[in-house]
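**Q** Show me the folded form of this:
(4 chains)
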Number of protein chains: 2
Amino acid sequence: MEHQAKYQELKTYYFGVLPTLTEDSWKIFESLLSIRTIKKGDYLLREGKICNHVSFINHGLLKIYYEVDGKEKIVAFFKELTYCCDYASFLMREPAETAIKALEETEVVEINYEGLQHLYNLVPEANMIGRRIAENLFIDKCRNSSNNVTESVESKYQKVVTETPWLIQRVPQYMIASYLGITPEALSRIKARNSKKTVVTAAQY
Amino acid sequence: MEHQAKYQELKTYYFGVLPTLTEDSWKIFESLLSIRTIKKGDYLLREGKICNHVSFINHGLLKIYYEVDGKEKIVAFFKELTYCCDYASFLMREPAETAIKALEETEVVEINYEGLQHLYNLVPEANMIGRRIAENLFIDKCRNSSNNVTESVESKYQKVVTETPWLIQRVPQYMIASYLGITPEALSRIKARNSKKTVVTAAQY
DNA sequence: GCTTTTCCTTAACCCAAATCAATAAAACAT
DNA sequence: ATGTTTTATTGATTTGGGTTAAGGAAAAGC
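**A** Numbers count the residues shown, from 1 in each chain, chains lettered A, B, ... in the order given. As a prediction, this is how the structure comes out:
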């Protein structure tokens, strides 16, 4: 099967750190997966729809965001070799308050809600994996909002620059601004201030 | 045993909505629990320590907060019949960035990290419970930060007033302010503005 | 190549909330 | 009850980011 290599990737990156499933369990899991491609600018999930899949990204880049009085508030970016989902909508079976849109041509391997419940029933060990995934998601979310509370916009931007340089490369600055919770103008000013500082500092030596 | 009633409460409120454990599994779980009381003003968890327990609150009230340049940033309040933990520290076995402090005399029933892992090993169904708990925590966190992004300080305050009136009763206003991410002065002004509005509105009829 | 659209920057002005400071009101203790 | 500490309010001032608007740079389209 052509997709075999994709699934192998998934197995390695997604579950590599997790307790391994038996070959049989893995087969069951694999049988529940499907592949989807999303063109740049298209939606993986539309606001108001129930999120019905957990998607593992083979390649591409997506954003998850709220739309509040006409303006986007980007919550997160998802790139290849991570999973992507409005987990709140997915788990609660409620309409999503967010939308997920592809910023680049994207390919995902996904499992749908029924498939996952099926898996939990058929393969009890999968509960442990599900637990770890939920735990990791929660921890990430905690770190994230901890950052938002603790740090200034300025240092949040610095963190993006140093910790996720790929983001700067791959998305326009106004989306970074939205992600940081400020306007593009404000981010532009912050950058200007910083580069001025650097020049001054450099000039002193 | 004197604590029996306490554990019954826990069983009802904490696991009531969750798939029930068998009597035997429950016995194992129960054997791993212990009781602790925290005096008003004392810590359930100190910043920098690894959070070693998930605590179910029998009675009392706690706050979880960051301390950033001398000022508290309150993340959440926990009252009786909910669970309380710095889950990020607990799961990652990392020093907590938060502290948890009792705002009232508090009694908790808790399970420690080793106990919980032990439980997961002995009672595989517990993984499902752990999964559901992590999922719920994550969803709560999502809702919360969604709120923070989407809504104005004003409407966040209104939400606290209408949705968690007990908070207003039980904690001083400056902590509500911290929870909302503003200064006590700012909250005082919001209240003043609102009551003025109400008076004006009332006078018009 | 040139045009068009999209994105970024800069400036002037405005506003909500922070800060600083002083006072008032509650809560607590003896 | 009275003094002490803690909490809440109000005012004056500052500030960081929002808003509006305009011009420049870079990408995308043809």
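
**Q** Next SSE downstream of the helix or strand hosting A:S25?
**A** Element membership for A:S25, per DSSP states H and E: helix A:23-31. Once the chain leaves helix A:23-31, the next helix or strand it forms, by DSSP H and E, is strand A:33-38.

**Q** how about that next one: buried residues?
**A** Within strand A:33-38, the residues that qualify as buried are A:33, A:38, counting by 16 or more other C-beta atoms under 10 Å in any protein chain shown. All C-beta spots, glycine's among them, are computed from the backbone N, C-alpha and C.

**Q** That one packs against which elements?
**A** helix A:4-14, strand A:106-112 (3 or more C-beta pairs under 8 Å, 6 or more residues apart in numbering or on different chains; DSSP states H and E).

**Q** name the helices or strands packed onto the helix or strand just after it?
**A** Along the chain past strand A:33-38, the next helix or strand (assigned with DSSP H and E) turns out to be strand A:43-45. For strand A:43-45, the packing partners by 3+ C-beta pairs under 8 Å, 6+ apart come out as strand A:98-102.

**Q** Now the strand it packs on: average pLDDT?
**A** Mean per-residue pLDDT for strand A:98-102: 95.

**Q** now do stretch A:182-200
**A** Mean predicted lDDT for stretch A:182-200 stands at 83.

**Q** Which positions within the helix holding A:S25 qualify as buried?
**A** Neighbour-count burial for helix A:23-31 flags A:25, A:28-30 (criterion: 16+ other C-beta under 10 Å).

**Q** And for stretch A:119-134?
**A** For stretch A:119-134, a neighbour-count test (16+ other C-beta under 10 Å) marks A:119-120, A:123, A:125-134 as buried.

**Q** and A:E105, what does it touch?
**A** Residues near A:E105 by C-beta atoms under 8 Å, 6 or more residues apart in numbering or on different chains: A:37-40, A:59-60.

**Q** With pLDDT and distance to A:W166 as extra columns, can I get the residues you listed in TSV?
**A** What follows is the contacts of A:E105, written out as TSV (pLDDT from 0 to 100; distance: C-beta to C-beta, whole Å):
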residue	pLDDT	distance to A:W166
A:T37	93	21
A:I38	93	19
A:K39	92	21
A:K40	92	17
A:H59	91	13
A:G60	93	13
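
**Q** ok, these vs DNA strand C, which is closest?
**A** Using C-beta to the nearest atom of the strand, the shortest approach to DNA strand C within the contacts of A:E105 belongs to A:K40, at 11.0 Å.

**Q** and the closest one, how many neighbours?
**A** For A:K40, the count of nearby residues is 12 (other C-beta atoms under 10 Å in any protein chain shown).

**Q** A:F56 now?
**A** A count of nearby residues for A:F56, using other C-beta under 10 Å, gives 26.

**Q** Same question for A:L91.
**A** 20.

**Q** coming back round to it: can you tell me which of the buried residues of helix A:23-31 is closest to A:T183?
**A** Lowest distance from A:T183 to the buried residues of helix A:23-31 (C-beta to C-beta) belongs to A:F29, with 44.0 Å.

**Q** Relative to DNA strand D, how far out is the closest one?
**A** Remark: distance between A:F29 and DNA strand D (C-beta to the nearest atom of the strand, to the nearest Å) = 38 Å.

**Q** Please enumerate the strands of chain A.
**A** For chain A, applying DSSP state E gives strands covering A:33-38, A:43-45, A:53-59, A:61-68, A:71-79, A:83-84, A:98-102, A:106-112.

**Q** and those strands as TSV, adding distance to DNA strand C?
**A** Converted to TSV, these look like this (distance: least, C-beta to the nearest atom of the strand, whole Å):
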stretch	distance to DNA strand C
strand A:33-38	18
strand A:43-45	17
strand A:53-59	21
strand A:61-68	12
strand A:71-79	11
strand A:83-84	21
strand A:98-102	12
strand A:106-112	17
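
**Q** low-scoring pLDDT stretches of chain A, where are they?
**A** For chain A, applying pLDDT under 70 flags the ranges A:1-20, A:196-205.
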